[in-house]
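Undergrad: sequence-free structure coming up:
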């Protein structure tokens, strides 16, 4: 049995000099995000960096607000430390710090929009009101 092999005679240089970039492992700080899961289990996901940036680690409940503008649906989230009428419990993954809220009413509002045509991850906009800070995502129909 004979095995063919190839030997390349090249001048050795570093990976960095060759244009390679190292993939960093471990936790990396990401931009705060709110995501919508439109699969079988419909829920809203809040990234760990979202809670950290806006100092919401102690907030365990959230109220949802809706506002329709043209072909857009604005969804507002007001976080609360204690339960109030109409507030939903924020479930947390203790290992990752990710927060989740399941809300049929949110997805009932979205049903008129074509879910496959809009971005499902949003960078929230913060607006201040008399009632406190509202974190807003804008669901825009892509035509």
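TA: Okay, I see it. These numbers were taken from a predicted model, which means no experiment stands behind them.
Undergrad: ok, which stretches of this structure are helices?
TA: For the chain, the helices defined by DSSP state H occupy 48-53, 104-110.
Undergrad: let me see the mean pLDDT of the last one.
TA: The average pLDDT within helix 104-110 is 65.
Undergrad: give me the neighbour count for the residue lying closest to residue 132 once chain neighbours are set aside.
TA: Of all residues not flanking residue 132 in the chain, residue 78 sits nearest, at 6.0 Å (C-beta to C-beta, 6 or more residues apart in numbering). Bear in mind the C-beta positions are built from the backbone N, C-alpha and C, glycine included. Using other C-beta atoms under 10 Å, residue 78 has 18 neighbouring residues.
Undergrad: distance of residue 78 from residue 124?
TA: 12 Å (C-beta to C-beta, to the nearest Å).
Undergrad: doesn't residue 100 make contact with residue 91?
TA: Yes. Residue 91 lies in contact with residue 100 (C-beta atoms under 8 Å); the separation is 4.7 Å.
Undergrad: who has more neighbours, the two?
TA: residue 100 (16 against 12).
Undergrad: and that one, what's its pLDDT?
TA: 92.
Undergrad: surely it meets residue 42?
TA: No. With contact defined as C-beta under 8 Å, residue 100 does not reach residue 42; the gap is 10.8 Å.
Undergrad: so what's in contact with residue 78 and residue 124 at the same time?
TA: The contact sets of residue 78 and residue 124 overlap at residue 135 (C-beta atoms under 8 Å, 6 or more residues apart in numbering).
Undergrad: quick one: low-confidence parts of the protein?
TA: 1-12, 24-29, 38-40, 104-119, 141-143 (pLDDT under 70).
Undergrad: rerun at 80
TA: Where the chain drops to pLDDT under 80, the residues are 1-19, 21-30, 37-42, 71, 103-120, 140-143.
Undergrad: can you spell out which residues form a bridge with the residue nearest to residue 132?
TA: residue 63 (DSSP bridges).
Undergrad: now do the strands in this structure.
TA: 34-37, 43-46, 61-69, 72-80, 88-89, 91-92, 99-101, 121-122, 125-129, 132-140 (DSSP state E).
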